[in-house]
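# Sequence and predicted structure, then a few things I'm wondering about:
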Amino acid sequence: MKKGKVISVNISEDKGEKKHNVERCMLIKNMGLKDDAHAGFMHRQVSLLAAESIEKIRKMGLNVNPGDFAENLTTEGLELFTLPVGTMLRVGNGIALRITQIGKECHARCAIFQQVGDCVMPREGIFAEVLTEGEVKVGDAIEVGE
């Protein structure tokens with residue numbers, strides 16, 4: 001079974017801004033992370049991006065960190081963007097997520113794109129819906145499952 005871990009749990013008060021690591025947060029069924037600007041009933045309730053993807057931009061000379069791409073969960077050890085839509089993810093203590101979208105179209109070129117001419121979120125960020133709620137925290141295991 002493919003397995004990784006959560007290295008950052010990120011929220012923001014407003015859309016279109018970097019998120020900050022809150023260490024732990026409730027994932028609410030059919031909504032997303034509690035108090036996050038992007039939480040809602042749509043299919044993009046939670047966004048995930050791998051630290052390995054962030055590292056690609058760091059290698060281009062930009063000092064970027066977890067949350068800078070406005071992702072909710074920064075993970076390590078899973079190549080997220082290779083998982084097909086519909087894949088189930090288990091996080092921490094029984095939280096179930098289902099992948100609903102791989103990548104997204106960025107309508108306005110973000111600051112990261114403007115600085116280095118590329119951004120990984122449109123290709124490698126993924127979105128999921130929350131099927132089972134619970135608290136997610138830094139260090140939680142995340143695994144591909146049924």
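Yes, it's here.

# Can you pull the phi and psi angles for Lys56?
phi -60, psi -40 (degrees, to the nearest 10).

# Tell me where the chain has strands.
Ranges of strands in the chain, per DSSP state E, are 3-11, 20-21, 24-28, 32-33, 46-50, 73-76, 88-91, 95-102, 126-132, 134-137, 141-145.

# Same list, those, but as a markdown table with mean neighbour count and distance to Lys56 please.
The C-beta positions use only the backbone N, C-alpha and C, and glycine is treated the same way. Shown next, in a markdown table, are the strands of the chain (neighbours: other C-beta atoms under 10 Å; distance: least, C-beta to C-beta, whole Å):
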| stretch | mean neighbour count | distance to Lys56 |
| --- | --- | --- |
| strand 3-11 | 20 | 16 |
| strand 20-21 | 16 | 20 |
| strand 24-28 | 19 | 26 |
| strand 32-33 | 26 | 25 |
| strand 46-50 | 25 | 10 |
| strand 73-76 | 24 | 14 |
| strand 88-91 | 22 | 22 |
| strand 95-102 | 19 | 16 |
| strand 126-132 | 22 | 15 |
| strand 134-137 | 18 | 24 |
| strand 141-145 | 16 | 20 |
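
# Which one of those lies nearest to Gly40?
Nearest to Gly40, of all the strands of the chain, is strand 32-33, at 6.6 Å by C-beta to C-beta.

# shaky segments in the chain?
41, 105-119, 122, 146 (pLDDT under 70).

# try 90
Residues of the chain meeting the criterion pLDDT under 90: 1-2, 14-18, 37-44, 54, 56-64, 68-70, 102-125, 145-146.

# Excluding chain neighbours, what is closest to the most centrally placed residue in it?
Nearest to the mean C-alpha position of the chain, by C-alpha atoms, centre = their mean, lies Leu48 at 1.5 Å. In space, and not counting its chain neighbours, Leu48 is closest to Leu73: 4.7 Å by C-beta to C-beta, 6 or more residues apart in numbering.
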